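Colleague: structure of the sequence below:
(2 chains)
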Amino acid sequence: MTKGVLLFANNNRSINYVKQAIFLAKRIRKYMDLPTSIVTSIKLTDEECSHFDKVFSHTLDEKKTTDKRHHDGDLYNKITRFYNYNRADAYDLTPYDQTIVMDTDFIISNDILNNCFVQQKDFLLYKDATHVGIHNGTSEFLRVSDTSVDFYWATVFFFRKTNETKIFFDLIKHISKNYMHYRSMYQFRTTVFRNDFAFSIAIHIMNGYQQGDFAGKLPGTKFYSIDKDVLFDIVDDEIKILVQKTNRLGEYTAVKLKGSNCHVMNKFSLERIIDNQ
Amino acid sequence: MTTNNFTMLAQNSDFDYIRQAYLAAMSIKATNQNSSTCLVTNDPVPTKYKQVFDHIVEIPWGDHAEKEDWKVSNRWKIYHAVPYTETAVIDTDMLVLDDLSLWFDFLKTYDLFYTTNVITYRGETVPNDSYYRKNFYKNKLPNIYNGFHYFKKCESTHEFNDWLEIITNNWQQFYKQIDNQLKHLPHPSMDITAAIASIIMDNTHLITNEKTKYPSFIHMKPRCQNWQDRFSYRWQDRLGVYVDDDLNLKIGNYKQSGVFHYTEKDFVTGKIIKKYEKYLGI
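Modeller: Down below sits the predicted model:
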């Protein structure tokens, strides 16, 4: 069975997701020895294409773009337009029998996710994640809403192409098309489409509206830093992050991760690091 | 094939607990084909309700709870009243949503069994130190729930029940030996009473099993639900209730299974009763 990683990258005026994808593809090759394909609405240069196994061109539906406020540390933020509705197309687009899909702001520093390919479950993702600093137990990431279903991270997921996973991805498409209905059904406030929420709801439905085992747990720990934290440096498998201090505007604590994968939500600081590599 | 026997005790006060028991019995009949139901009561039972009770028996030795709003003083009499040699005893404000034959297979290995792990509507175990169990946690009482328990008539259960009688009739004296503040409770708790009886008989390990997830029930008291917002007074203010024609029950986003302890009296509506009556052809 073929295996590889699939990334989605749609640039906007402020954030170059293709640049992040190239950076990530290099690390995937280095640490996981896997090919990476990309789905993008951007016309890539030959040099950019050379980093990828396959490049899929995707036309953006402008009606489905969403405005979202991105922070760059405590003191700066900017509203940017982003497009994240096509994640469920992974099933149809992937050139691999076994695929890991990653956000482009996920930093790979080890090969632990290769264990996905030697286990039996056809769909894996993270339910729990650990903040690199002091934000452990943030209730925002426990449930979709206080009275509703468990929260799952769509940042990284693994799937094999099976009838069951096809149903799952079709279900996500259905949820994304009827997002306002599911927003009221699952009692969350934000009107911004979130893949995390769509995945969480779809997993709950696949489990028959009960606790269940449709989704397995990805190997390893998912570390993350929020966009109010600042990525400071990446040298090989060592990631340095300034973690925002709670209730102390503009003050940070330095944290070092070594040999661990990390989801860096501050995309501005990630781009600065990539530019300086 | 063996029969799953269920018993309830109901006494009307300013609320119609017989109607609650009727709904509970209908839920048993709808899901447990080989079941027998027994209602222990001194109140009149409407003819329609009698269709779902195989036995209706009087509370023996008069009404010890006549002057009580919270009528727990007769509960120890269930053991003596039931026509069964073994039975599960459930609260009237419960719905049985599944065939519990496997539970009964497990329960038959015990003479007496109390549920200890109860769950939320999302299927999470309610922690031992939850809001409603502070007295248990503080005083290291066995965390047992009277809401769903099982007994076999035998010598050891008889002795246990004798202790329930003695403690119920002298609850303040017994409670204050555990914690002086407990004697100030507005009324005795059968959970605390059973916990004290198990301490006296030193048989906690024989009457419950904290390692097993079932038998259990879904406990809908709002502060059990692991909600961040702890100010909600009624769970029905935060969650929708959905019952379809096949009697599948959804609470909020979750399908319920097993035994559902709804706790709030206004959960019982004419609509839900009609659903069950239609299903059973009553």
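Colleague: can you pull the residues of the stretch 1-150 of chain A lying near chain B?
Modeller: With C-beta under 8 Å from any C-beta of the partner chain as the criterion, the stretch 1-150 of chain A comes near chain B at residues A:139, A:146-150. Yep, even glycine has a C-beta here, placed from its N, CA and C like the rest.
Colleague: return the helix or strand in chain B with minimum mean pLDDT.
Modeller: helix B:134-138 (a mean of 84; mean pLDDT, DSSP states H and E).
Colleague: list the helices and strands it packs on?
Modeller: Packed against helix B:134-138 by the contact rule (3 or more C-beta pairs under 8 Å, 6 or more residues apart in numbering or on different chains; DSSP states H and E) you find helix B:190-201.
Colleague: so what's the gap between the very next helix or strand once past the helix it packs on and the chain middle?
Modeller: On the C-terminal side of helix B:190-201, the nearest following helix or strand under DSSP states H and E is helix B:204-207. Its chain's C-alpha centre and that of helix B:204-207 lie 18 Å apart, by C-alpha atoms, centre = their mean, to the nearest Å.
Colleague: where does the helix or strand that helix B:204-207 is followed by sit relative to the chain's centre, distance-wise?
Modeller: The element immediately downstream of helix B:204-207 (helix or strand, assigned by DSSP H and E) is strand B:218-219. On the basis of C-alpha atoms, centre = their mean, the separation between the geometric centre of strand B:218-219 and that of its chain is 10 Å.
Colleague: do the same with stretch B:70-82
Modeller: For stretch B:70-82, the distance to the chain centre is 12 Å (C-alpha atoms, centre = their mean).
Colleague: for that stretch, buried residues please.
Modeller: Buried positions in stretch B:70-82, judged by neighbour count with 16 or more other C-beta atoms under 10 Å in any protein chain shown: B:71-79, B:81-82.
Colleague: and these, which is closest to A:Ser225?
Modeller: Each of the buried residues of stretch B:70-82 was checked against A:Ser225 using C-beta to C-beta; the closest is B:Val72, at 54.2 Å.
Colleague: let me know whether A:Ser269 touches A:His71 as I believe.
Modeller: No. The pair A:Ser269 and A:His71 does not pass the contact test of C-beta atoms under 8 Å, sitting 9.8 Å apart.
Colleague: A:Asn84 contacts A:Thr66, doesn't it?
Modeller: Yes. Here A:Asn84 lies in contact with A:Thr66, judged by C-beta under 8 Å, at a distance of 7.1 Å.
Colleague: what's the overlap in contacts for those two?
Modeller: Taking C-beta atoms under 8 Å, 6 or more residues apart in numbering or on different chains as the contact definition, A:Asn84 and A:Thr66 share the neighbouring residues A:Phe193.
Colleague: so those two - more neighbours on which side?
Modeller: Neighbours were tallied for A:Asn84 and for A:Thr66 using other C-beta atoms under 10 Å in any protein chain shown; the higher tally belongs to A:Asn84 (19 against 14).
Colleague: ok, that one - contacts?
Modeller: Contacts of A:Asn84 were listed using C-beta under 8 Å, 6+ apart, and they are A:8, A:66, A:193-195.
Colleague: which stretches of the chain have low pLDDT?
Modeller: Went with chain A since none was named. Applying pLDDT under 70 to chain A picks out residues A:134-139.
Colleague: my question was about chain B, not that one.
Modeller: Where chain B drops to pLDDT under 70, the residues are B:1, B:231-232.
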